[in-house]
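Asker: pasting the structure only:
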């Protein structure tokens, strides 16, 4: 709870990963991947309840062994590639509300971000409320993109190469480049009352994390990098 506001965290762990099968329960840094998010949520000062949404009995079993809270299995229609993560979060909110478990805010924690810690979670919540101006503001975590992103190029209609950004507005010197950010998938936060179809709105705050802590596991090389980073903690 933060200033009287109850906060629900939802860890989403679908079974059908194609890039890295069963990635949510693969070993990483001496623990199953999902355990890192369960423990990060449990150690937060502000999260009132941390629940896992999964369609898989095996993932649910692993989560429960890590003291994870799995109130029910996800609906089959929300376990497909086409199902949105927001719909999954809404299902959890609605079903808990039906059990008289009501919350003011929801945080999405994806298990593919094992280097996101309880400190990141708490700092993001503190920053959100410190900067809050409108009741419908959301927050997402990001990391700063490489300095040379302003020089990104793409193939144009003539099958030639051209800049993605207007070079007249971009400083040529490295230190003069505008800062750009990339979402890292670690933290999403929104008020339940106004939460719609996306965590990204016209009023979305950003919480900056380091590139190292922003690793998002999708492929085997991501898992290997995370293992290496966690072994040095």
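Answerer: Happy to help now that I have it. Remember, it's a predicted structure, so these values are computed and weren't measured experimentally.
Asker: number of nearby residues for residue 17?
Answerer: Look at residue 17: counted by other C-beta atoms under 10 Å, it has 15 neighbours. Heads up, the C-betas are built off the backbone N, CA and C, glycines and all.
Asker: Use 761 as the first number for this chain going forward.
Answerer: OK, 761 is where the count begins now, so the last one is residue 777.
Asker: mind giving me the domain split of this protein?
Answerer: For the chain, automatic domain parsing gives the domain ranges 767-902+942-991, 906-939.
Asker: what are the ranges of the strands in this structure?
Answerer: Secondary structure of the chain, counting by DSSP state E: strands at 767-772, 787-788, 791-792, 809-813, 865-869, 898-904, 913-915, 921-923, 941-951, 964-968.
Asker: got the buried residues for the fifth one?
Answerer: The neighbour-count criterion (16 or more other C-beta atoms under 10 Å) identifies 865, 866, 867, 868, 869 as the buried residues of strand 865-869.
Asker: sorry, back to before: possible to save the domains of the chain as JSON lines with distance to residue 761?
Answerer: Output for the domains of the chain, formatted as JSON lines (distance: least, C-beta to C-beta, whole Å):
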{"stretch": "domain 767-902+942-991", "distance to residue 761": "5"}
{"stretch": "domain 906-939", "distance to residue 761": "34"}
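Asker: between those domains, which gets the lowest average pLDDT?
Answerer: Of all the domains of the chain, domain 906-939 carries the lowest average pLDDT, namely a mean of 81.
Asker: Now do the end-to-end distance for it.
Answerer: Terminal residues of domain 906-939 lie 9 Å apart, using C-alpha to C-alpha, to the nearest Å.
Asker: Centre of the chain to it, how far?
Answerer: Domain 906-939 has its C-alpha centroid displaced from the chain centroid by 28 Å (C-alpha atoms, centre = their mean, to the nearest Å).
Asker: try stretch 840-854
Answerer: 14 Å.
Asker: One more: stretch 948-964?
Answerer: 13 Å.
Asker: can you check stretch 863-873 too?
Answerer: That offset, for stretch 863-873, works out to 7 Å (C-alpha atoms, centre = their mean).
Asker: Give me the distance between the two termini of that stretch.
Answerer: Start-to-end, stretch 863-873 (C-alpha to C-alpha) is 24 Å.
Asker: Against the centre of this structure, work out the most remote residue.
Answerer: Using C-alpha atoms, centre = their mean, the residue of the chain lying farthest from its centre is residue 918. It sits 38.0 Å away.
Asker: what's the spacing between that one and residue 926?
Answerer: Distance, residue 918 to residue 926, by C-beta to C-beta, to the nearest Å: 18 Å.
Asker: got it, and residue 789?
Answerer: Separation of residue 789 from residue 926 (C-beta to C-beta): 43 Å.
Asker: mind listing the helices for this protein?
Answerer: With DSSP state H as the criterion, the chain has helices at 793-802, 817-825, 845-858, 878-891, 980-991.
Asker: Include mean neighbour count when you put these into TSV, please.
Answerer: Below are the helices of the chain laid out as TSV (neighbours: other C-beta atoms under 10 Å):
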stretch	mean neighbour count
helix 793-802	24
helix 817-825	17
helix 845-858	17
helix 878-891	17
helix 980-991	15
